[in-house]
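Novice: Sharing a sequence plus its predicted fold:
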Amino acid sequence: MFAAVFILLLQVTVYGQSGKYEEQLVKNLSSVKTSETAAKENLVTKAQIYQTGNANHTSISQRNASSKPNGAFIEQVGIYNSVFLHQQGVGNKLNATQTGSHNSYSGDIDGIGNSSAVMQKGTRNEINQTVKGRYLDYTLIQIGNNNSINQVETSSSSKPYKVVQQGNNMNIRIEQSNVGLPTPTGKRQ
């Protein structure tokens, strides 16, 4: 058994779960669902997708130019399903859940005050996400074997976030940097 973890960041909580922590993980997932329900009520544009079966693909692109947020709520059950998400703007919300095996999620989130929660339950799942902006809030959870999380964040400030993997042969790679982001006045840091 080999578990490789490479983390380069300042604000993160990472858990390697074993069976005794599973109950707490279920409680955390329940709170994510509760926040998803509350978020749906305050959003202007909502994409709600539920797919069952195999080899489904979801691609969502949401942009907002005002302070009115968008939301994407995706649930896939089956094998070989994939999600691609692009969100840009202020206050956008994402909640993606994949149950099954060989599923993948790829996200590109850019803006201020955006939040994402991605949960995969199954084997050999992948999360690849790029986040840019300020005051970002996200949760990445994988339950299963041979999982991989790859996230690159370019942010001048973000809230503490949670990354959880439970299983074997896991790999986490998170890079966090504020290099290259302009300050609110337009000057480089």
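Specialist: Great, that's in hand.
Novice: what about Asn45, how many neighbours?
Specialist: Careful, residue 45 is Thr; it's not Asn. Burial of Thr45 is recorded as 13 neighbouring residues (other Cβ atoms under 10 Å). Quick note: C-beta positions are derived from backbone N, CA and C, even for glycine.
Novice: Same check on Leu43?
Specialist: That count, for Leu43 with other Cβ under 10 Å as the rule, works out to 19.
Novice: what's the distance between it and Gly71?
Specialist: Using Cβ to Cβ, to the nearest Å, we find Leu43 at a distance of 4 Å from Gly71.
Novice: Same check on Asn81?
Specialist: Taking Cβ to Cβ, one finds Asn81 at 20 Å from Gly71.
Novice: Comparing those two, which residue is more hemmed in?
Specialist: Neighbour count, other Cβ under 10 Å: between Asn81 and Gly71, Asn81 has more, with 27 against 23.
Novice: can I assume Gln176 is in contact with Ser155?
Specialist: Yes - the criterion here is Cβ atoms under 8 Å, and Gln176 meets it with Ser155 at 7.0 Å.
Novice: Next up, the contacts around the nearest residue to Tyr50 once chain neighbours are set aside.
Specialist: Computed as Cβ to Cβ, 6 or more residues apart in numbering, the closest residue to Tyr50 that is not its neighbour in sequence is Glu75, at 4.9 Å. Glu75 makes contact with 49-51, 96-99, according to Cβ atoms under 8 Å, 6 or more residues apart in numbering.
Novice: with these in mind, which one is nearest to Met119?
Specialist: When the contacts of Glu75 are compared for distance to Met119 (Cβ to Cβ), Thr97 comes out closest, at 4.8 Å.
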